[in-house]
Structures are given as structure tokens and as C-alpha cells.
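A.B. asks: what follows is a predicted protein model with its sequence.
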Amino acid sequence: MGHHHGHSHGHGHSHSHTGNKKALFWAFLLIAGFMTVEVVGGLFTNSLALLSDAGHMLSDAAALGLSLFAIKLGERNTSKTKTYGYKRFEIIAAFINGITLIVISLYIFYEAYHRFTNPPQVQSMGMLIISVTGLLVNILAAWLLMRGDKDENLNVRSAFLHVLGDMLGSAGAIVAALLIMFFGWGIADPIASIIVAFLVIISGWRVTKQSIHILMEGTPVQVDMEKLKQSLASIPYVKNIHDLHIWSITSEFPTLSCHIAIAGEGVHDTVLHQAQAILHDDFGIEHSTIQVEYEDNGCPSHHGVCN
């Protein structure tokens, strides 16, 4: 009976983490700085589209700050009570971000409903200037986050979706300001708010769903469980794969544990190294715990029976 515990992180991983921190930091400064301008501008122009976008930017500032804190916390060393360190806090932060998006969207829907029944006067020129400036700020923040590892890191992706929602909010406010300015359509303001809220709630739901999946230790979406099991079973002398578990510590940290039963003539170390190579090369799993046991000896975890 033997064990393998493969765990390695390359330089690319540390570089992406540094890139994520820088991207989140500068995006946080941009969003937090402009948020104040948009709140004052929204109140001054009486625009719900601007105020809803300002509310979203407030959540962005909190989300980006939380994301930054989560990555920094995730760098702390492991301990006797936290054997994986604090890496999973990134997923908790992503979950909070997703829930925040959903709550803010629902509030915008509520406010927009009241504005439909009683459309207020909106100062379109001030609204236009602020929303154009907001769009430029959000484009810059989105560009900074795109330079981070948003495709792999769920936390950076949730922050990116926050900023993308803001960008759409600014674009909607621009269109609404132009419609009010040229056609006097005051109802364009709550309509723009509802369109943005709808897009934001979809983003929020996706991030929340993905983070819950990881927190529930679901199989990573990029890993085909059956294909992986077949690949391990194709190793010479392997008779059975059981107790197979695949989960994620964070969005960038897939983990696997399993038992492999082999025939008596099989060589323990050879099977172990082949399994390790398959997991690393074909499925991108670097962190694994594999127990190799001879079929004739039975499987302790299955009361002597391998099935």
C-alpha cells in the first residue's frame, strides 16, 4: 500500500497572483475615487440611472477591496488548524460579491418601479457629463482587471463582472441622458436602470452559483470525472479505481484523492508515477493523494472488497 502526494506551484502562479493584486489595487482606487463623484452627481441631477450606478460602484469598491484582502489573506502560510491556509477565503469573497450584485439589482428594480409611476425631472446635461466620465473610468478599471488572471481566478472574475456591470450602467445612463436631452423622455432614466439591473443580476447569479459549487466541494467544471477515471483505469495492471474525489480549494487549486487497486504483478511505484503524469498532463491536477493497493490484499476502506 502506498501514497503519493503531489503538490507544486510554478513561477507563473506567483506572477499571476502579483498581477491580480496590482490590477485589483488600481481598479479599487479608480472606482472608489469616482464613486463619490457619481453619488454627488446623481443627487444633483436627480438621475436614478446615475444613483443606481453609484450604488453599484459602492459595492464595486467594497468588492474590489474584499477581493484584494482575500488574495493577500490567501498568501498566509498553512497552520495546524488551517492545513490549506486561507486560500478558500477568495471563494467566500466571490460569494459575498455575487450576493451583493443580486441585492443591489433588486433594489434598482424597486426604485425604478416608483419612477415609472411618477417620472421626476432629470438634468440631462449634468447626467451626460458624469456618465461619460464614469464610462471612461470603468473601461480603464476593466482593462486593468483583464490584465489580471480573470479567466482562472473566480475572485478576480467576480470583481471584473462588477466593473463590467458598471460599464454597462454608464453606457445606459449616457443613452438615457441623450433621450431626455433631445426628446424629453424622462422615462428613459428608469428604463436604463432596469436594463442594467437585469444584466447585473445575471452576473451576480453566475458568480454566486460558481462559488457555492466550490464551497460545496463540487467537481471542478473543467474536469470530466468519467474521462479521468477511464484514463487512470487504462494504466497497465490497474484493476479498479474507487473512493475517487475531485474538488477545488479555490478556483485555481483542483485537488484529487483516490484508491487504485492493481494486479499482483503490477509495480506500485510505476503505477503511481503514471497516474501522477496523467493527472498533471491531461487534467491539470497538481495536488493529489493516491493510495495504491494490491487487489489480492483487499481494500481497507471497503472492508477487504474492491468494487
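C.D. replies: Perfect, I can see it now. Numbering: from 1, shown residues only.

A.B. asks: could you tell me the end-to-end distance of stretch 111-125?
C.D. replies: Terminal residues of stretch 111-125 are spaced 22 Å apart (CA to CA, to the nearest Å).

A.B. asks: I'd like the average pLDDT over stretch 106-114.
C.D. replies: Stretch 106-114 carries an average pLDDT of 87.

A.B. asks: how far does it sit from its chain's centre?
C.D. replies: Offset of stretch 106-114 from its chain centre (CA atoms, centre = their mean, to the nearest Å): 27 Å.

A.B. asks: show me what counts as buried in that stretch.
C.D. replies: Within stretch 106-114, the residues that count as buried by 16 or more other CB atoms under 10 Å are 108-109, 111-112. Glycine gets a C-beta too; all of them are placed from N, C-alpha and C.

A.B. asks: can you pick out the most distant pair from the residues you listed?
C.D. replies: The span of the buried residues of stretch 106-114, defined through CB to CB, is set by 109 and 111 at 7.5 Å.

A.B. asks: which residue ranges of this structure form strands?
C.D. replies: 2-6, 238-248, 254-262, 287-294 (DSSP state E).

A.B. asks: TSV for those, including mean neighbour count?
C.D. replies: Shown next, in TSV, are the strands of the chain (neighbours: other CB atoms under 10 Å):
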stretch	mean neighbour count
strand 2-6	14
strand 238-248	17
strand 254-262	21
strand 287-294	19
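
A.B. asks: can you map out the helices along this structure?
C.D. replies: 11-45, 48-74, 89-117, 124-146, 154-183, 188-215, 225-233, 268-283 (DSSP state H).

A.B. asks: residue 296 is nearest to which of these?
C.D. replies: Per CB to CB, nearest to residue 296 of the helices of the chain: helix 268-283, 13.1 Å.

A.B. asks: dump the helices of the chain to CSV, plus distance to residue 81.
C.D. replies: CSV is the format used below for those (distance: least, CB to CB, whole Å):
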stretch, distance to residue 81
helix 11-45, 23
helix 48-74, 15
helix 89-117, 14
helix 124-146, 33
helix 154-183, 23
helix 188-215, 19
helix 225-233, 31
helix 268-283, 28
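
A.B. asks: for those, which one sits closest to residue 248?
C.D. replies: Going by CB to CB, the one of the helices of the chain nearest residue 248 is helix 188-215, 4.9 Å.

A.B. asks: which neighbouring elements make contact with that closest one?
C.D. replies: helix 48-74, helix 89-117, helix 154-183 (3 or more CB pairs under 8 Å, 6 or more residues apart in numbering; DSSP states H and E).

A.B. asks: hey, least reliable of these by pLDDT?
C.D. replies: Among the helices and strands packed on helix 188-215, helix 48-74 scores lowest, with a mean of 76.

A.B. asks: what angle sits between that one and helix 188-215?
C.D. replies: Using axes from the mean of the first three to the mean of the last three CA atoms, to 10 degrees, one finds that helix 48-74 and helix 188-215 are set 20 degrees apart in direction.

A.B. asks: which helices and strands does helix 48-74 pack with?
C.D. replies: Applying 3+ CB pairs under 8 Å, 6+ apart, one finds that helix 48-74 contacts helix 11-45, helix 89-117, helix 124-146, helix 154-183, helix 188-215.

A.B. asks: now it against helix 11-45, angle please.
C.D. replies: 150 degrees.

A.B. asks: could you pull out the buried residues of helix 48-74?
C.D. replies: For helix 48-74, by 16+ other CB under 10 Å, it's 48-68, 70-71, 73-74.

A.B. asks: could you do stretch 211-229 as well?
C.D. replies: Buried residues in stretch 211-229, counted by 16+ other CB under 10 Å: 211, 213-214, 219-220, 223, 228.

A.B. asks: what do you get for stretch 41-50?
C.D. replies: Quick answer for stretch 41-50 (16+ other CB under 10 Å): 41-42, 45-50.

A.B. asks: got the domain boundaries for this protein?
C.D. replies: 19-216, 225-297 (the TED database).

A.B. asks: let's have the strands of the chain in a markdown table, adding mean pLDDT and distance to residue 158.
C.D. replies: Listed next are those as a markdown table, based on pLDDT from 0 to 100; distance: least, CB to CB, whole Å:
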| stretch | mean pLDDT | distance to residue 158 |
| --- | --- | --- |
| strand 2-6 | 45 | 29 |
| strand 238-248 | 93 | 15 |
| strand 254-262 | 93 | 19 |
| strand 287-294 | 91 | 23 |
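
A.B. asks: columns distance to residue 183 on top of those, output as CSV?
C.D. replies: What follows is those, written out as CSV (distance: least, CB to CB, whole Å):
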stretch, distance to residue 183
strand 2-6, 64
strand 238-248, 51
strand 254-262, 53
strand 287-294, 59
